[in-house]
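> Sharing a model that was predicted from the sequence below.
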Amino acid sequence: MAQAVEKSVVEREVALARQRTTRWSQTLGPWVPWLLIGGFAAWSAVARTDQFVVGVIVGSLYGLAAVGLTLIYGIARVSHFAHGDVMMFAAYLAFFALTGAVVGSQTGDVVFPFHLGQLPGATEPIWRFSFGYGLVLAILIGATLAVPVLLAIDRFVYQPLLRRGSSTAILAVASLGVAISMRGVMLLIWGPTGRRYVGGIRTTVDIPGLPRIVADQFFIMLAAGVLATAAYVVLYRTRLGTAMRAMADNADLARASGIDIAATRRWTWVVGGGLTAAAGCLLALQSQLSPELGFILLLPIFASAILGGIGSPHGAFLGGLIVGVVGEVAVGLGVISPGYKMAVIFVMLIAVILLRPRGLLGAQS
Amino acid sequence: MLIGQFRQNTTATRCASRRWGLRATAALLLLVPLVATYAGEGARAQDEAEPLRIAVLFPFTGDLSDFGQPFLQAAELAVNQINEAGGVNGQPIELVQGDSATSPQQAVEEARRLIELEGVSAIVGPAGSGETLPVAESVTGPAGVLEITMSATSPALTIANDNDFLFRTVISDAAQGVVMADVAREQGFESACVLYVNNAYGQGLNEAFADRFTAEGGTITAQVPHEQEQASYASEIASCTEGDPDVLIAAAYPESGRVFLRELVESGDAPSVIFSDGLQSPDMFAELGWEVFEGSYGTAAGAPETDAAATFEQAWEEAYGEVPAVPYLREINDAIYLIALAAEQADSTDSAAIRDALREVANEPGTAVGPGQEGWQEAVAAIDAGEDVNYEGGAGSVDLDENGDVSKGTIIVWQVQGEAIETTDSREIDLAAEDTAGTPVAGTPVS
């Protein structure tokens, strides 16, 4: 009898102790990643300004593409492995609109007679940018033209598979096939060698107290900011955005509430694909155009989407920024060799997922 | 009729037939390599009437894609010359193409395809050491197929586990690293950082350069590896230039170089740059702007001024016009000639037989023979007469040692001048004459 009482006292103590620890982790747990991220961002912005700026630029482009990826995954139900190649394809379309160049025989390029570079003053540099208004138009055209291509791929590849009840794995493999085909098309039309919109060394801007920034990077940051704001407005301030988010949460419930599933799905490709395509054009301006670059981009973009929480657009954008900054800053410390840039990103990804299984801004289950 | 029948099938039989279909597919998939192997064996058994099939595994895409087309032209030049002069064992050579994509995985897959499906007797390539090492160790070595690379320069290839089927017609980077360090010291640079591509090529060159540079009294401030084809190299450049070195040694490939060289110059006070052979790409300099790197030096394996080199250049000019300032064209030409000569000597298209004859035709003693149509006819006549031959190529004497390496070679020093890459100096290096402690004997300027 005495033993039983003792046992129940012990049990209660254990239960209380357990409760206390749960309370501790419940109150602190959610804040740990944010404290770490905030601390790291503040420190790197001050101590490693050069790499921080490049990280923000590249990261915001990863983020835009990751928003597209997460929307397509959440709503169109495709783990889209062709995402990086879509970015490069759009960049090449913009390149074609600007220069009209395609690869010819072994002797060199063939230039189509009608292209934006021919417009009067189109290549005249604006401010200290390396490009004129021709490139801005070309990027708009490239991003716009990529959308019907994506809609056609959805219509003729993914939708038939979905209707047949194919699993996520089959759709993922199909998208890998799309990726390889797109790369083949790019290789065929524009050749394997890297290209860029405007060659040569770009003008830099010196602002006291800040690192040297290439003028073009201001344009990239501005454009990325505009695109991110536009995406936010569409997703969180319009009926379409509400419908998209409802569909991502629960497709059956959304259908029962009278949401036009097919139309929402199409609009997802338009919004997500357009963002991705624009990010691709801007990334080509930052780096270069190369058929292989798309596949290399796939890894950081998936990491961004998962880090932010799959299905969460603002999480994906934040994830992109984190991936970009951590990748640049961590290897700039001299402790970790830059050969392990991607490894650093993925170790961080694993740490965050362990602390918050749904990602940073993923919906709580 | 058939379709009608299928439509009438019940779900159960449809499932059964699908299962059967799966099994049949699986069985077929298992059979393909078997059939391919048997076909390969069968083909190898009956030589003589059989044409010699040589594959080129070149980087038509990827980081080294600048070089794919000129490399192919160099291979085609040699094959056409030999075929017009009567071919090998009375049969024209068949040239098969494969794309290494500057990627180890792709190169291994392509090498498998070339051996298993195309049934080639020898492979020329791939270009980079990062691809050559896995191809030799996991495909051509185990399969017993001859592989000659014209441009994989990593010292790691010397000790590769290749079953003695891997050879190269270019001197190891133990030599290029030496000359790079010499050039850096001659320019009066006291400190250097190395920005190298993170593969066998970059690592090998980095070590060879650093050993020599420190032995000559220089200081290495940083050795920074980088991955190929990234969106930005800002952090790599920052780590490399942090110690404020006098010179940055760039051991990399053009597709990545286009990005990081631009970022390097844009970052402000960039040090001088010395380029490795991988960056000797006129296309890349044209895009970055020639004037930006005016006067900068680079190194590459080069050709001595011999009759064989002149023959090669003349043939190239007749076929394609001016010889481009792209490295390793002569080494490709030599690789094809060596394979053809060995096959002629062995009177066979069997890979092992060609390999066994390879050192005989490449090394002394023997009648010296060279490239070109006339060279080939002389060589065939000599072999028919039962004489030994010793091939002396456009890239050098290409004498192959027990590791399949050439120990004597020429390293050129090139410079960006105006809108062209000009060779300013060429130095002969004999790695066999160096002591093993890592302090090699200085190269002697010959021009």
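Here it is on my side, so go on.
> make it CA atoms for all contacts and neighbour counts henceforth
Will do.
> so what's the residue of the stretch 251-400 of chain B at minimum distance from chain A up against?
Nearest to chain A in the stretch 251-400 of chain B, going by Cα to the nearest Cα, is B:Leu288, at a distance of 4.3 Å. With contact set as Cα atoms under 8 Å, 6 or more residues apart in numbering or on different chains, B:Leu288 has these partners: A:Gly199, A:Gly200, A:Ile201, B:Arg258, B:Arg262.
> From chain B, how far out is the closest residue to A:Ile259 other than its chain neighbours?
Of all residues not flanking A:Ile259 in the chain, A:Ala243 sits nearest, at 6.5 Å (Cα to Cα, 6 or more residues apart in numbering or on different chains). Distance, A:Ala243 to chain B, using Cα to the nearest Cα, to the nearest Å: 35 Å.
> what's the neighbour count on residue 124?
Since you didn't name a chain, this refers to chain A. Per other Cα atoms under 10 Å in any protein chain shown, the neighbour tally for A:Glu124 reads 14.
> To clarify, I was referring to chain B.
26.
> need the contact list for it.
B:Ile54, B:Ala55, B:Val56, B:Leu57, B:Glu147, B:Ile148, B:Thr149, B:Met150, B:Ile332, B:Ala335, B:Ile336.
> bridging residues for it?
Beta bridges link B:Val124 to B:Val56, B:Ile148, judged by DSSP bridges.
> can you check B:Arg168 too?
B:Thr149.
> hang on, isn't it packed against B:Pro155?
No. With contacts counted by Cα atoms under 8 Å, B:Arg168 stays clear of B:Pro155, the gap being 11.4 Å.
> And those two? Which one has more around it.
Per other Cα under 10 Å, whichever of B:Arg168 and B:Pro155 has more neighbours is B:Arg168, with 27 against 22.
> Now do that one against B:Glu109, distance only.
B:Arg168 sits 21 Å away from B:Glu109, going by Cα to Cα, to the nearest Å.
> Same check on B:Pro365?
With distances taken as Cα to Cα, B:Pro365 is found 38 Å from B:Glu109.
> Give me the more crowded residue out of the two.
Applying other Cα under 10 Å to B:Pro365 and B:Glu109 shows that B:Glu109 carries more neighbours, namely 15 against 12.
> That one belongs to a strand?
No. Membership of B:Glu109 in a strand is not supported by DSSP: H, G, I helix; E, B strand; the rest coil, which gives helix.
> how much space between it and chain A?
Distance of B:Glu109 to chain A, computed by Cα to the nearest Cα: 16 Å.
> Alongside chain B, which residues does the stretch 101-250 of chain A contribute?
A:Gln106, A:Pro192, A:Thr193, A:Gly194, A:Gly199, A:Gly200, A:Ile201, A:Arg202, A:Thr203, A:Thr204, A:Arg212, A:Val214 (Cα under 8 Å from any Cα of the partner chain).
> From the residues you listed, which shows the smallest pLDDT?
Lowest pLDDT within those is found at A:Gln106 (58).
> what ranges do the strands span in the stretch 151-300 of chain B?
Shown for the stretch 151-300 of chain B, the strands assigned by DSSP state E, counting those that start in this stretch span residues B:166-168, B:191-197, B:219-226, B:247-251, B:272-275, B:297-302.
> Dump the last one to PDB, keeping only the CA atoms.
Extracted as PDB, the C-alpha positions of strand B:297-302 are listed here (Å, rounded to 0.1, in the frame of the first residue of the first chain):
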ATOM      1  CA  TYR B 297      50.300  35.900 -68.400                       C
ATOM      2  CA  GLY B 298      49.200  32.400 -68.600                       C
ATOM      3  CA  THR B 299      50.700  28.900 -69.200                       C
ATOM      4  CA  ALA B 300      49.700  25.800 -71.100                       C
ATOM      5  CA  ALA B 301      51.300  22.700 -72.500                       C
ATOM      6  CA  GLY B 302      52.700  23.700 -75.800                       C
END
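> now what about the following helix or strand past it, what contacts it?
Toward the C-terminus, strand B:297-302 is succeeded by helix B:307-320 as the next helix or strand (DSSP states H and E). Defining contact as Cα under 8 Å, 6+ apart, one finds that helix B:307-320 is touched by B:74, B:77, B:303, B:322-323, B:330, B:370-372, B:392-395.
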